[in-house]
Structure formats: structure tokens, C-alpha cells
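>>> Sharing a sequence plus its predicted fold:
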Amino acid sequence: MSVIVQKYGGTSVADLSQIRNVANRIAKTYDQGNDVVVILSAMAGITDSLIDMASDVTKSPDKRELDVLLATGEQTTSALLAITLKSMNYPAQSLLGHQAEVLTDQCHGNARIIDIRAKKIKELLEKRNIVVVAGFQGCDPEGNITTLGRGGSDTSAVAIAAAIKADVCEIYTDVDGIYTADPNICDKARKLSVISYDEMLNMASLGAKVLQIRSVGFAKKFNIPIHVKSSFTEEEGTMVVNENSGMERLVVSGVTCDKNQARITLKKVPDQPGIAAKIFTPIAQAGIVVDMIIQNTRAGGKTDLTFTVPNAEFRTALDMEKKIAKEIGADDVFGDENIAKVSVIGVGMKDHSGVASKMFSALAQDNINIMMISTSEIRISCVIEEKYTELAVRVLHTAFGLDKE
Ligand code: ADP
Ligand code: ASP
Ligand code: MG
């Protein structure tokens with residue numbers, strides 16, 4: 001007998017017949033004698049339409065109230081699943097985020113989980129209930145509803161798995177595992193049987209939305225094995241585990257892309273101490289995450305400085321930099337939203353040379369220009385023109401020998 005957490009994503013609970021399919025899967029796991037906690041997403045597309053609805057009311061909806069609205073998506077599916085299970089004579093009970101004691105900070109729309117007491121979940125499990133928890137939501141210390149950022153029910157699932165010391169956290173989605181590249185972009189992508197937490201952290205942060213990055217962080221911290229699999233088949237999926245669990249160290253195990261990026265360039269910035277701080281401090285204070293930064297030296301004590309920010313924050317960052325440019329005496333500021341970041345990731349890169357040059361040559365062969373580069377121990381990323389994104393993923397996938405036979 002095991003304690004199993006199962007999370008079902010939006011496409012797996014898209015309508016009542018899907019919910020019935022999910023209920024049958026849960027019933028099977030329960031009948032095998034396991035303790036089962038289920039975490040649900042909203043029906044596919046519902047979170048988007050709730051956001052649209054609020055945006056139709058006003059351009060910048062109040063963040064507290066938006067979270068109250070968004071949380072209804074997961075409340076609906078959780079109740080419907082519990083109703084379905086009960087109609088099948090299974091002892092099920094649904095819990096909202098606050099009832100499951102998912103305590104978060106106060107950052108509406110992107111809250112972080114601080115603690116999960118899970119007292120209620122444990123009590124219900126002891127009485128052999130199937131516990132259905134609404135994902136993506138928690139509550140702050142004052143009892144306000146918060147949400148955990150897009151894709152956040154993955155994080156709910158892994159954090160609850162950690163809190164109840166589950167044996168495994170199964171993430172059911174519309175693909176049957178984690179692939180060497182997004183299978184919806186690269187049809188030669190191969191399914192991985194295992195991937196390390198670190199590789200998955202990189203893949204998630206570089207555009208592979210199959211798992212929300214914070215869920216992988218939790219899994220690594222509390223050593224929770226994640227099993228990503230399809231809710232439509234019985235096939236084995238991909239295990240996300242510790243690097244030393246006897247896995248093969250591929251030089252490159254995945255290629256990702258992220259179109260959710262924009263770049264900002266400040267031209268002819270005075271090359272003096274303190275200038276970079278003036279450029280980046282206001283952006284950091286506004287909570288905007290800057291990713292890549294490059295600085296080119298020009299003659300005459302001037303430099304050009306380029307950096308990337310998420311698309312959603314592009315306008316705010318650009319307006320801020322226009323003001324800053326005037327203050328520091330930079331010549332001009334311009335932005336570009338039509339960029340994308342492609343990355344190759346692999347723990348084996350640590351002890352191999354030539355990965356970067358192979359990446360650059362592969363892109364060059366297809367005439368894809370590289371605008372910015374950044375590297376870490378286990379990944380290399382290049383910023384390119386957005387229109388070449390899919391081509392670049394496929395070219396790199398082939399160049400690193402990842403294509404399936
Ligand atoms: P869910 O609604 O179940 O949470 P998501 O849409 O958030 O599902 O995540 C699943 C999607 O992630 C897949 O449909 C796929 O397009 C995308 N994806 C991106 N990169 C990968 C990858 N390397 N392996 C598998 N899926 C990936
Ligand atoms: N429903 C939320 C979203 O669409 C959370 C999730 O699906 O994980 O982002
Ligand atoms: Mg998701």
C-alpha cells in the first residue's frame with residue numbers, strides 16, 4: 001500500500017466524460033489499497049476565459065478579487081469529481097486550498113507556498129477517504145484566497161505530496177511523458193524514461209511548461225519522485241528523480257524554446273561605475289525578472305546594453321528605461337518583442353566540451369542569427385528571431401542526435 005498523489009491537468013478534466021475517466025482511474029488506484037489524494041486543475045481554457053472576463057471589466061483588475069475569481073475554476077472541477085466519485089459509491093471529499101491548509105505569501109497571482117499543514121487531508125486519509133484538493137489556490141496568513149501562477153496546480157500537487165510524505169506524485173497530462181523537446185513542435189522528439197530534477201528545473205525555466213518550475217523545486221527539496229504520464233493511456237511515463245538514481249548522463253537531453261521574451265536595448269550608455277545599478281534597480285523593485293544581459297563596449301566611453309524581460313512586463317520595463325535613459329544620458333532606448341530563446345540542456349554537458357560550438361554551427365547552417373547567448377553548467381541558451389523558433393528546435397534536436405529512429 002502506498003500514499004499516492006495524482007494531479008490531473010486541464011485537458012484531463014475538460015468535460016464531464018473526462019472527469020468520469022479520471023474518476024475511474026482514481027477508483028482503480030484506491031481499490032488496490034492505496035491512499036489517494038487528487039489535485040485538480042480547472043477545465044481546459046477556463047482560467048483563460050476567467051482572466052478575459054475580468055479584463056473586459058477593467059484593464060487592470062484588482063489582484064485580490066482576480067484570485068477569488070480564478071480559484072472558481074478549480075473549485076468547479078474538484079466538486080464535480082467528488083460528486084462523480086460519490087455517485088460511484090466511493091468515499092470522496094473535496095477541499096479548497098484553504099481547507100487543505102495551503103498557506104501562501106500575499107503575492108496575489110503568483111503566490112509562494114510557505115507551509116502546508118495538511119491536518120484535514122491526513123484525517124480524511126485515515127478514514128480511507130479519497131481526498132480531492134483544488135489545485136492552483138491557497139490562502140495568505142489573513143485568509144485571503146491566493147493563486148500560485150499559471151500552471152500552479154503542479155506545485156500544489158508536489159507540495160501536498162511533500163506535506164503528507166507521499167511515495168510518488170503522479171502528474172497526468174495530455175502528453176505521455178517528458179520528451180527531448182515539446183512533441184507538439186518536434187515530431188521526432190523522444191520520450192525520456194527518467195530525467196533529473198536539475199535538468200527538469202532548467203527545461204521548465206526555459207519554456208517546457210509540462211511542469212511548473214516551482215513544482216520541480218519542491219520535488220527536489222523534499223526528494224519527491226514525480227511521474228509524468230498521460231491520463232488517456234496506460235503507458236509508463238517519465239520519472240523525475242535525483243541525478244544519481246542510476247541514470248544515463250546524456251550530453252544534451254532536451255531542447256526547449258520560450259517565446260514569452262522581449263528585449264530592451266539602451267544605446268550609448270555612459271561607461272561609468274553605478275550606471276548598471278541605475279538601469280536595473282527600478283526594474284527589480286517593480287518585481288520584473290531580467291534574464292539575459294549583454295554589454296558591448298563602444299569607443300569614447302560609451303556602451304550599448306541589452307537585456308531580456310518576460311513579454312508581459314515588456315511595456316512597463318520599456319517605459320521605465322525611457323525615463324532612466326534620460327537621467328543617465330543614454331542616447332536611445334528600443335525594444336523588440338519578436339524574439340525567442342532556444343536552449344539545449346543536459347547534465348552531461350558538465351564534462352563535455354564543444355556543445356556551444358555545435359549549437360552555434362547548427363543554427364548557422366539554417367541561417368538563424370544569434371542575438372544573445374547565455375550559458376550555465378548544464379545549459380546553453382540563444383536569443384533568436386521569433387519566427388525561427390520551431391525551426392531552431394528541430395535543427396538543434398537533430399544536431400544533438402536526439403531524433404527518434
Ligand atoms: P496540463 O494542462 O495537463 O497541466 P500543460 O499544457 O500545462 O498540461 O503541459 C503539457 C504540455 O507541455 C504538452 O501538451 C506539451 O505541448 C508541452 N511541453 C513542452 N515541452 C515539453 C516536453 N519537453 N515534453 C512534454 N511536453 C512538453
Ligand atoms: N488552471 C490554472 C492555469 O490554467 C492552473 C493549472 O492548470 O495548473 O494556469
Ligand atoms: Mg500545466
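That came in fine, so what should we check first? Numbers count the residues shown, from 1 in each chain. Ligands and ions are numbered 1, 2, ... in the order given.

>>> What parts of this structure come near ligand 1?
9-11, 41, 151, 173-175, 178-179, 181-184, 208-210, 254 (C-beta under 6 Å from any ligand atom). Every residue, glycine included, has its C-beta placed from N, CA and C.

>>> Now tell me what touches stretch 9-16 from outside.
18-19, 21-22, 40-47, 77, 80-81, 84, 153, 171-174, 231-232 (C-beta atoms under 8 Å, 6 or more residues apart in numbering).

>>> buried stuff in that stretch?
The neighbour-count check on stretch 9-16 (16 or more other C-beta atoms under 10 Å) flags 9, 10, 11, 12, 13, 14 as buried.

>>> Next one: residue 3 from ligand 2, what distance?
22 Å (C-beta to the nearest ligand atom, to the nearest Å).

>>> so that residue makes contact with residue 166?
Yes - Residue 3 is within contact range of residue 166, at 4.5 Å (criterion: C-beta atoms under 8 Å).

>>> the more surrounded of these two?
The neighbour comparison of residue 3 against residue 166 (other C-beta atoms under 10 Å) goes to residue 166, with 24 against 16.

>>> For this structure, what lies in contact range of ligand 2?
9-10, 41-42, 47, 73, 135-136, 150-154.

>>> hmm, 8 Å instead?
For the chain, the residues in contact with ligand 2 (C-beta under 8 Å from any ligand atom) are 9-10, 41-42, 46-48, 70, 73-74, 135-136, 147-154, 156, 212.

>>> And for the residue nearest to residue 112 when sequence neighbours are not counted, the neighbour number?
In this structure, residue 112 finds its nearest non-sequential neighbour in residue 105, 5.1 Å apart by C-beta to C-beta, 6 or more residues apart in numbering. Residue 105 has 14 neighbouring residues, counting by other C-beta under 10 Å.

>>> Check residue 224 too.
25.

>>> cool, and residue 196?
There are 23 residues near residue 196, going by other C-beta under 10 Å.

>>> what about the residue nearest to it when sequence neighbours are not counted, which SS state?
Nearest residue to residue 196, sequence neighbours excluded (C-beta to C-beta, 6+ apart): residue 243, at 4.0 Å. Judged by DSSP: H, G, I helix; E, B strand; the rest coil, the three-state class of residue 243 is coil.

>>> On the pLDDT front, check residue 244 for me.
Looking at residue 244, its pLDDT is 67.

>>> any residues in contact with both of residue 3 and residue 166?
In contact with both residue 3 and residue 166: residue 37, using C-beta under 8 Å, 6+ apart.

>>> for the host helix or strand of residue 263, packing partners?
Using DSSP states H and E, residue 263 falls within strand 254-270. The elements that strand 254-270 packs onto, with contact taken as 3 or more C-beta pairs under 8 Å, 6 or more residues apart in numbering; DSSP states H and E, are helix 197-205, helix 275-285, strand 302-310, helix 314-328, strand 332-345, helix 389-399.

>>> give the contact list for the residue of the stretch 201-350 of the chain found nearest ligand 2.
Using C-beta to the nearest ligand atom, the single residue of the stretch 201-350 of the chain nearest to ligand 2 is residue 212, 6.7 Å away. The contact partners of residue 212, taken as C-beta under 8 Å, 6+ apart, are 148, 149, 150, 151, 152, 153, 154, 155, 204.

>>> And for residue 385, the neighbour number?
15.

>>> now do the one 3 residues further on
Per other C-beta under 10 Å, the neighbour tally for residue 388 reads 18.

>>> show me the contacts for the closest residue in space to it that isn't next to it in sequence.
Sequence neighbours aside, residue 368 is the residue nearest to residue 388 in space, at 4.7 Å (criterion: C-beta to C-beta, 6+ apart). Applying C-beta under 8 Å, 6+ apart to residue 368 gives the contacts 384, 385, 388, 391, 392, 395.

>>> any idea whether residue 368 is helix, strand or coil?
coil.

>>> same thing with residue 189?
Going by three-state DSSP: residue 189 is coil.

>>> contacting residues around it?
Counted by C-beta under 8 Å, 6+ apart, residue 189 has contacts 179, 180, 181, 182, 183, 397, 402, 404.

>>> repeat for residue 230
Counting by C-beta under 8 Å, 6+ apart, residue 230 has contacts 172, 173, 174, 175, 176, 177, 237.

>>> How about the residue of the stretch 201-350 of the chain found nearest ligand 3, nearest residue that isn't a chain neighbour?
Of all residues in the stretch 201-350 of the chain, residue 209 sits closest to ligand 3, at 6.0 Å by C-beta to the ion. Of all residues not flanking residue 209 in the chain, residue 151 sits nearest, at 5.8 Å (C-beta to C-beta, 6+ apart).

>>> Report whether the expected contact of the one you found with residue 216 is present.
No - shown here, residue 151 and residue 216 do not form a contact pair, counting by C-beta under 8 Å, at 11.2 Å.

>>> From the structure, what's the count of residues near residue 186?
Neighbour tally, residue 186, other C-beta under 10 Å: 23.

>>> ok, now residue 102?
That count, for residue 102 with other C-beta under 10 Å as the rule, works out to 30.

>>> was I right about residue 139 contacting residue 146?
Yes - counting by C-beta under 8 Å, residue 146 is a contact partner of residue 139 at 6.2 Å.

>>> Let me know the outermost residue of this protein.
Distance from the C-alpha centroid of the chain peaks at residue 300, with 43.3 Å (C-alpha atoms, centre = their mean).

>>> tell me the secondary structure for that residue?
What three-state DSSP gives for residue 300 is coil.

>>> What mean pLDDT does stretch 129-139 get?
The model assigns stretch 129-139 a mean pLDDT of 98.

>>> what's the answer for stretch 381-393, then?
97.

>>> buried sites along it?
381, 382, 383, 384, 386, 388, 389, 390, 391, 392, 393.

>>> Secondary structure element holding residue 216?
Going by DSSP H and E, residue 216 is part of helix 213-222.

>>> Now the phi/psi pair for the residue in the chain that ligand 1 sits nearest to, please.
Residue of the chain nearest ligand 1, by C-beta to the nearest ligand atom: residue 9 (1.8 Å). Here is the backbone geometry of residue 9 (degrees, to the nearest 10): phi -80, psi 180.

>>> So what's the residue count around residue 268?
17.

>>> cool, the one 5 residues further on as well?
Residue crowding around residue 273 was assessed by other C-beta under 10 Å; the count is 6.
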